[in-house]
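Engineer: Model the structure of this input:
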Amino acid sequence: MSDAASETLPALGICLEEYEYPYPVRFLPLTSDLQPVSMGYGDIPPAGEPNGKTVVLFHGKAFGGYYFRHVIEALTSAGYRVIAPDQIGWGKSSKPDIHYSFQLLAANTAALLDYLGVGNVAVLGHSTGGMTAARFTLMYPDRVTHLVLGDSLGLADYRTGIPPQSQETLYDHELHWTDPAVIRGYVQAYFVYPDPKVWEPLADVLVRVTLSPDYPRWARAAALTFQMIYQQPVRYEYHVIAPPVLLVVGAEDHVVPLGQYATPAEAARLGDFVALSAVAAQDIPRAIRVVIPDCGHVPHLEQPAAFLARLLPFLAS
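Structural biologist: Presented below is the predicted three-dimensional model:
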């Protein structure tokens, strides 16, 4: 899509009020830092014969649950119930000014499952959602049957190669991250062979949100959650993850959160998903590692057949 066409896109509210998800969205009222907030979620029943199992999906930082459409279709066709929350700070959920933590996001998700009457679950986390899924598993080890990490961030401690940044610096960057061409280039770079039908709709959401008069609130939440990723590593606890883990990475994934503040050498080290995942798989007691060729940061969208071919048998094991 050209920049001129981008300018004609209608604005989106910062809770994506006008954006249609591929499933009905409901809301759970919660409280965070003494503030009332609302957590959007999808509760999608099996499309085929129910197998009695539930999978929880944890989305990445640039997305909401909406980009799991094909994963949801595959899982529900195989008999799974799927819970797809938008974490507080993302998607259709509230964008409060709070102290964000992976513990908070995990606890919110547990509260949602309790509300829905769901006990044991398999969890799948992509990108930042991989860090949330790992924290959820560490907090509720008796509740998680399987953990899937899809190009998860947190395979390294980013504090070892990136200087700390002030909240003012990160907020200023997010506040001015509004150029449609820059946003489109950012999303396109997630893919090795970018298919406009795949990546452009993802970029459209981010472009349209910048047109909202409430965009500064979105930008503040985005900056606060970057601090969460930077300040709250999960890597040192991989050795105590109890359930079996499927660790999937794209062979050409080199994403580094806040990588623009690192030296080129450190950015290359922190973004070497193949090398980092190999070491991580040695530390996780029951890990299966899969490297998908010709794939970047979003395997479930760029190489869906290869991703699902490993996901479904793992969950059934």
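Engineer: alpha carbons only for contacts and neighbour counts from here, please
Structural biologist: Fine.
Engineer: What's the local residue count around Ile288?
Structural biologist: 16 (other C-alpha atoms under 10 Å).
Engineer: Tell me where the stretch 151-300 of the chain has helices.
Structural biologist: Per DSSP state H, counting those that start in this stretch, the stretch 151-300 of the chain has helices spanning 167-175, 180-188, 196-210, 215-231, 264-270, 273-283, 299-302. These are given in chain order.
Engineer: show me what contacts Gly266?
Structural biologist: Actually, residue 266 is Glu. It isn't Gly. With contacts defined as C-alpha atoms under 8 Å, 6 or more residues apart in numbering, the neighbours of Glu266 are 161-162.
Engineer: cool, Trp199 as well?
Structural biologist: Shown here is Trp199, whose contacts under the criterion C-alpha under 8 Å, 6+ apart are 187-188.
Engineer: measure it to Val192 for me?
Structural biologist: According to C-alpha to C-alpha, to the nearest Å, Trp199 and Val192 sit 11 Å apart.
Engineer: Correct me if wrong: Val56 contacts Ala122.
Structural biologist: Yes - contact criterion C-alpha atoms under 8 Å: Val56 and Ala122 qualify, at 6.3 Å.
Engineer: Geometrically speaking, which residue is the centre of the chain?
Structural biologist: Gly60 (1.6 Å; C-alpha atoms, centre = their mean).
Engineer: How about the secondary structure of that one?
Structural biologist: Following DSSP: H, G, I helix; E, B strand; the rest coil, Gly60 is assigned to coil.
Engineer: go on, Phe307?
Structural biologist: When the structure is reduced to helix, strand and coil (three-state DSSP), Phe307 reads as helix.
Engineer: Contacts only, for the nearest residue to Pro29 once chain neighbours are set aside.
Structural biologist: Counting by C-alpha to C-alpha, 6 or more residues apart in numbering, Ser38 is the residue found nearest to Pro29 once chain neighbours are left out, at 4.6 Å. For Ser38, the set of contacting residues under the criterion of C-alpha under 8 Å, 6+ apart consists of 27-30, 88, 93-94.
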